[in-house]
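Novice: model this:
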Amino acid sequence: MTRAELKEDAKAKLHGNWAWAATIGLIMIIIYIIFDLLPLTTTTNSFNYNKQLAGNFSSSNFWAGRANNFGSNFIIGFLMLSAAIVFLHFLEGRKDHAIGGAFSVFTDGRFVPEFLNYLLSYIFQWLWTLLLVIPGLVKSYSYAMTPYIVNDLVASGQEVGPTTGISASRELMDGHKWEFFVLDLSFIGWDILAVLTLGIGFIWLIPYEQTTKANFYRNLAGDKFRTI
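Specialist: Model (predicted):
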């Protein structure tokens, strides 16, 4: 599929499901606020906060390069993996309960493999970023498919090591990092609009963006990681 086709297909699947999808979007924003906004209320204005919100919902997971609030960024980044997982399920015809879906990274035996792969990818990205920002950014796109791959491997009953998803993502994204980067760029206009609404627009943008990116993954990987 082309970039435009991925986005159109995502919108078609969300049609008639926006209430459910927006509920998950709202829950994800509330989770973000709890872990990020409250500690920053004395130093961060609402405009800068909304710019952070726009960046932190990218599935490329480029939080590791941010030196400030390293710990909270790590926690938020891990919790936001649920958005990638729940909308991958939705893309495949499974509508998880909104509350359960917003915490799907903790369910169905995913927590340990998702956490270990996320932890190591976070560390690897941070180390690459110590060299220069660009290498860290490139690596973030190399590792971008990790949560999807781990989800598929766990669902198919396969053993998942601490770097299994990372290695598979690096291989899968070889030659496709630029495509995913451009897909990210194509949402900048929507990100700006969401920021201008003081973050309210993210309630709908999160489902749209995450469904599109799940579509990118499934179109690229097919059933490669779902079969033993």
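Novice: Lowest mean pLDDT among the helices and strands, pick that one out for this structure.
Specialist: When the helices and strands of the chain are scored by mean pLDDT, DSSP states H and E, helix 46-56 comes last with a mean of 51.
Novice: Next SSE downstream of it?
Specialist: helix 70-79 (DSSP states H and E).
Novice: what's the following helix or strand after that next one?
Specialist: Per DSSP H and E, helix 70-79 leads on to helix 81-91 as the next helix or strand towards the C-terminus.
Novice: so what does that following helix touch, helix or strand wise?
Specialist: helix 3-14, helix 18-32, helix 98-102, helix 146-155, helix 202-221 (3 or more CB pairs under 8 Å, 6 or more residues apart in numbering; DSSP states H and E). All C-beta atoms are positioned from the backbone trio N, CA, C, and that covers glycine.
Novice: any chance of the ones you listed in TSV, plus mean neighbour count and mean pLDDT?
Specialist: Converted to TSV, the helices and strands packed on helix 81-91 look like this (neighbours: other CB atoms under 10 Å; pLDDT from 0 to 100):
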stretch	mean neighbour count	mean pLDDT
helix 3-14	16	96
helix 18-32	19	94
helix 98-102	18	92
helix 146-155	24	96
helix 202-221	22	96
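Novice: As TSV, those helices with distance to Asn73 would be great.
Specialist: Formatted as TSV, the helices and strands packed on helix 81-91 follow (distance: least, CB to CB, whole Å):
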stretch	distance to Asn73
helix 3-14	27
helix 18-32	11
helix 98-102	19
helix 146-155	16
helix 202-221	17
